[in-house]
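Q: Following is a predicted model, sequence given first.
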Amino acid sequence: MGKNKKKLFIPMGLLVFLGLWGIFQGITAYCSEEKKSRGDTIFKQLKLFSEVLNLVEDQYVEPVDDGKLIRGAIKGMLQSLDPHSTYMTPDEYKELQVETRGSFGGIGIEITIRDGILTVVSPIEGTPADKAGIKANDQIIKINGESTKDMSITEAVKRLRGPEGTKVRITIIREGEPKPLEFEIVRALIHIQSVKYRTLEPGFGYVRIASFQSDTSQQLRKALDVLEQENKPMKGLILDLRNNPGGLLEQAVQVSDEFLESGLIVYTKGRKEEQQMKFEARKNDKPHKYPIVVLVNGGSASASEIVAGALQDHKVALVLGEPTFGKGSVQTVIPLEDGSAVRLTTALYYTPSGRSIQAKGIEPDIYVPREERVAKDTDQTRSRFSIREKDLPGHMQGDGGGEEELKKEGDTSQKRRSIGAKTKQLDEVQRMLEQDNQLQRALDLLKGLTILAKPS
């Protein structure tokens, strides 16, 4: 009985091989000679795969899960293509679907694999990672003490995300630091506010896009409506895309379209006809006829590079800051029958003038590196500010004329609160400009353009 049973046993590797060979035979029956030759090569490689699979099943020190081995082989195959192509288990695919909804538990960073090393594209503004001091281009070498060598992006994301209030420990290498840095970060529920805006000075608006989500273009239109109502006339706009890791392609197209009246926004090139796509601008009901400066840096990637490149090529905006990340590839997510999915790079992005973004990025029209400002109470910082009368010891107090005038006019407490609120807003803007040399340069540039545009 035992002997008969043994004769009926067929190794898993052989079954896989036979199945693949059957598929191969069916395909090659209709192929040309050239394709048959290629098929022969594939056949030999499948035979090699079957041999290794059987070897592992037969001789590995512990029993193995056949499904785990096959999934591992698929993952390895896709990882050998490029950093963004990957296999996702059903759980990992669900995690990916969460990303575009703008709310998830984690530390708030966008990551990629660069030169085989897990690298931070950018921290998401206001998240635990941002507050802890994680920076663009930090290389993550360990997560909770486990090496990230050969770790896929989806595996890394799975380890970094988790319930609100739990901790994760990451070890990074940072340029300029003599030894690795370790951060223990408490996870939070990450709510990404895609668009923030404010008036910097009368006539000059500021819009910050943190990422491209499903409602980003709608939020942008609302922001521009408010700014244009507050500032009549609107003299200029700063569009801040720094540390914006990207997001949805359609939103990048719609954001670009908001500032363009016609012409090409972006196009893609791939091997198949359906991967050749072109996105054109349409005439706007409400054009924005004022100078625009786009702020970018090394954390600006993917969708944000599409916007910066389109506005730069059409000469409707000046790009200021540092070269962008250079993530110009298109990933198509293909669901599989068991609930898993393959994320496959299928095309590359090109700007309207034909520039490839991939591994090159967008070069700013005006290069302005970000300066780290030292504490305000140091001599170095103090020297940047001129001493005023009110800073002198024993200076004479003013006569409080403003207060008296308010009293004469029968000022109410509501008016005073309004003045206080405006003063607070002005102070916040002043702090923003003092701490951000790129923003200050952008505002100065807009003022200069406005002066030059005035009729003589």
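A: Perfect, thanks for sending it. Numbering: from 1, shown residues only.
Q: buried set for stretch 432-444?
A: Neighbour-count burial for stretch 432-444, counted by 16 or more other C-beta atoms under 10 Å, picks out 433, 436, 438-443. Placement of C-beta: from N, CA and C, glycine included.
Q: Relative to residue 204, which of the residues you listed is nearest.
A: Taking C-beta to C-beta as the measure, residue 443 is the one of the buried residues of stretch 432-444 closest to residue 204, at 6.2 Å.
Q: Please tell me how far that closest one sits from residue 428.
A: Distance, residue 443 to residue 428, by C-beta to C-beta, to the nearest Å: 15 Å.
Q: How about residue 133?
A: 22 Å.
Q: from the middle of its chain, how far away would stretch 237-255 be?
A: 9 Å (C-alpha atoms, centre = their mean, to the nearest Å).
Q: Surely residue 320 forms part of a strand?
A: Yes: judged by DSSP: H, G, I helix; E, B strand; the rest coil, residue 320 forms part of a strand.
Q: For it, the count of nearby residues, please.
A: By the criterion of other C-beta atoms under 10 Å, residue 320 has 21 neighbours.
Q: Check what pLDDT it gets.
A: At residue 320, the model reports a pLDDT of 98.
Q: What's opposite it in the beta bridge?
A: Beta-bridge pairing for residue 320 (DSSP bridges): residue 295, residue 366.
Q: thought it was touching residue 294?
A: Yes: using C-beta atoms under 8 Å, residue 320 is in contact with residue 294, at 7.1 Å.
Q: can you pull the buried residues of the helix ranked longest in the chain?
A: Ranked by residue count and defined by DSSP state H, the top helix of the chain is helix 33-59. For helix 33-59, the neighbour count (16+ other C-beta under 10 Å) marks 43, 46, 49-50, 53-54, 57 as buried.
Q: For it, what is the distance to the chain centroid?
A: With C-alpha atoms, centre = their mean, you get 39 Å for helix 33-59.
Q: follow-up on the earlier one: what would the buried residues of stretch 432-444 look like in a markdown table with distance to residue 206 and secondary structure?
A: Output for those, formatted as a markdown table (distance: C-beta to C-beta, whole Å; DSSP: H, G, I helix; E, B strand; the rest coil):
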| residue | distance to residue 206 | secondary structure |
| --- | --- | --- |
| 433 | 10 | helix |
| 436 | 11 | coil |
| 438 | 12 | helix |
| 439 | 8 | helix |
| 440 | 12 | helix |
| 441 | 13 | helix |
| 442 | 9 | helix |
| 443 | 8 | helix |
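Q: can I get those residues in a markdown table with pLDDT?
A: Shown next, in a markdown table, are these (pLDDT from 0 to 100):
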| residue | pLDDT |
| --- | --- |
| 433 | 93 |
| 436 | 94 |
| 438 | 97 |
| 439 | 97 |
| 440 | 97 |
| 441 | 97 |
| 442 | 98 |
| 443 | 97 |
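Q: Would you tell me which one of these comes nearest to residue 234?
A: Nearest to residue 234 among the buried residues of stretch 432-444, counting by C-beta to C-beta, is residue 443 at 13.9 Å.
Q: need the contact list for that closest one.
A: Neighbouring residues of residue 443 by C-beta atoms under 8 Å, 6 or more residues apart in numbering: 200-201, 204, 238, 433.
Q: same thing but 10 Å
A: Shown in contact with residue 443 (C-beta atoms under 10 Å, 6 or more residues apart in numbering): 200-201, 204, 206, 236, 238, 293, 429, 432-433, 436.
Q: What distance do you get for it to residue 365?
A: Per C-beta to C-beta, residue 443 is found 16 Å from residue 365.
Q: just residue 247 next, same as before
A: Remark: distance between residue 247 and residue 365 (C-beta to C-beta) = 24 Å.
Q: which of these two has more neighbours?
A: A count of neighbours by other C-beta under 10 Å puts residue 247 above the other of residue 247 and residue 365, at 25 against 15.
Q: Would you confirm that that one contacts residue 215?
A: No: using C-beta atoms under 10 Å as the test, residue 247 is too far from residue 215 to be in contact (11.1 Å).
Q: Greatest separation within the buried residues of helix 33-59: which pair is it?
A: Across these, no pair lies farther apart than 43 and 57, at 21.0 Å, counting by C-beta to C-beta.
Q: burial count for residue 212?
A: When neighbours are counted by other C-beta under 10 Å, residue 212 registers 27.
Q: now it, nearest residue through space, not along the chain?
A: In this structure, residue 212 finds its nearest non-sequential neighbour in residue 247, 3.1 Å apart by C-beta to C-beta, 6 or more residues apart in numbering.
Q: Please tell me how far the one you found sits from residue 274.
A: 22 Å.
Q: low-scoring pLDDT stretches of this structure, where are they?
A: Along the chain, segments meeting pLDDT under 70 span 1-36, 98-103, 373-424, 455-456.
Q: Residue 184 belongs to a strand, doesn't it?
A: Yes: Residue 184: assigned to a strand according to three-state DSSP.
Q: Which of the three states applies to the residue positioned nearest the centre of the chain?
A: Nearest to the mean C-alpha position of the chain, counting by C-alpha atoms, centre = their mean, stands residue 245 at 0.8 Å. At residue 245, secondary structure determined by three-state DSSP is coil.
Q: Now do the buried residues in stretch 305-318.
A: For stretch 305-318, burial by neighbour count (16+ other C-beta under 10 Å) applies to 305-314, 316-318.
Q: Helices - which of these land there?
A: When DSSP H defines the helices, the subset of the buried residues of stretch 305-318 inside them is 305-313.
Q: Same list, these, but as JSON lines with distance to residue 447 please.
A: Formatted as JSON lines, these follow (distance: C-beta to C-beta, whole Å):
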{"residue": "305", "distance to residue 447": "27"}
{"residue": "306", "distance to residue 447": "28"}
{"residue": "307", "distance to residue 447": "23"}
{"residue": "308", "distance to residue 447": "22"}
{"residue": "309", "distance to residue 447": "26"}
{"residue": "310", "distance to residue 447": "25"}
{"residue": "311", "distance to residue 447": "20"}
{"residue": "312", "distance to residue 447": "21"}
{"residue": "313", "distance to residue 447": "25"}
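Q: Chain neighbours aside, what residue packs nearest to residue 199?
A: Residue 199 sits nearest to residue 230 (C-beta to C-beta, 6+ apart), 5.3 Å away.
Q: Could you check how far the residue nearest to the centre of the chain is from residue 299?
A: Applying C-beta to C-beta to residue 245 and residue 299 gives a distance of 7 Å.
Q: overlap in contacts of these two?
A: By C-beta under 10 Å, 6+ apart, residue 245 and residue 299 have these common neighbours: 110, 120-124, 136, 325.
Q: farthest pair in those residues?
A: Greatest spatial distance in the shared contacts of residue 245 and residue 299: 124 and 325, 14.5 Å, computed using C-beta to C-beta.
Q: The residue nearest to residue 199 touches residue 206, doesn't it?
A: No: using C-beta under 10 Å, residue 230 is not in contact with residue 206; the gap is 11.6 Å.
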